[in-house]
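Asker: with the sequence up front, the predicted model follows.
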Amino acid sequence: QVQLVESGGGLVQAGGSLRLSCAASGRTFSRYAMGWFRQAPGKDREFVGSISWSGGNTYYADSVKGRFTISRDNAKKMVLLQMNSLKPEDTAVYYCAANSDTTRWYAPELSEYDYWGQGTQVTVSS
């Protein structure tokens, strides 16, 4: 079992940067592919990106490609989401999630994830 806790959210001006962290508990963190999702007010939760078990592979939604970067440190049981060139439309609650499927690290669907954090708010002002 994995417990996830996000941090690092806040208020930032458009064009600025934020780095979100997701701290995981549990002894088998490296066996989980990890994903980031976000949910804006009145909208469905959407996929942001995912990272493979070793961190060697990443995949991003088109809306964030080239601006966001996901990385992980298995020794520290952390997943990071570096967000640059932020836009007002990036405003949302951001969630990290863990996927226990050992055959698939590219997982853009919510149903593919077994564990979720509580989320952290990111607000981008114009």
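Answerer: Yep, it's here. Numbering: from 1, shown residues only.
Asker: make it CA atoms for all contacts and neighbour counts henceforth
Answerer: Noted.
Asker: next one: phi and psi at residue 103?
Answerer: phi -110, psi -10 (degrees, to the nearest 10).
Asker: what's around it, how many residues?
Answerer: Residues within reach of residue 103, counting by other Cα atoms under 10 Å, total 7.
Asker: that one: what's it in contact with?
Answerer: Going by Cα atoms under 8 Å, 6 or more residues apart in numbering, residue 103 touches no other residue.
Asker: now it: how far from residue 40?
Answerer: Look at residue 103 and residue 40: by Cα to Cα, to the nearest Å, they are 30 Å apart.
Asker: show me the contacts for the nearest residue to residue 57 once chain neighbours are set aside.
Answerer: In space, and not counting its chain neighbours, residue 57 is closest to residue 51: 5.7 Å by Cα to Cα, 6 or more residues apart in numbering. Neighbour list for residue 51: 33, 34, 35, 57, 58, 59, 70, 71, 72, 105, 106 [criterion: Cα under 8 Å, 6+ apart].
Asker: what's the neighbour count on the fifth one?
Answerer: Think residue 58. 18.
Asker: what do you get for the second one?
Answerer: Residues within reach of residue 34, counting by other Cα under 10 Å, total 31.
Asker: would it count as being in a strand?
Answerer: Yes: counting by DSSP: H, G, I helix; E, B strand; the rest coil, residue 34 falls inside a strand.
Asker: tell me the contacts of the closest residue to residue 87 other than its chain neighbours?
Answerer: Distances taken as Cα to Cα, 6+ apart put residue 14 closest to residue 87, at 5.0 Å, once the chain neighbours are dropped. Applying Cα under 8 Å, 6+ apart to residue 14 gives the contacts 85, 86, 87, 88, 124, 125, 126.
Asker: alright, calling it a day.
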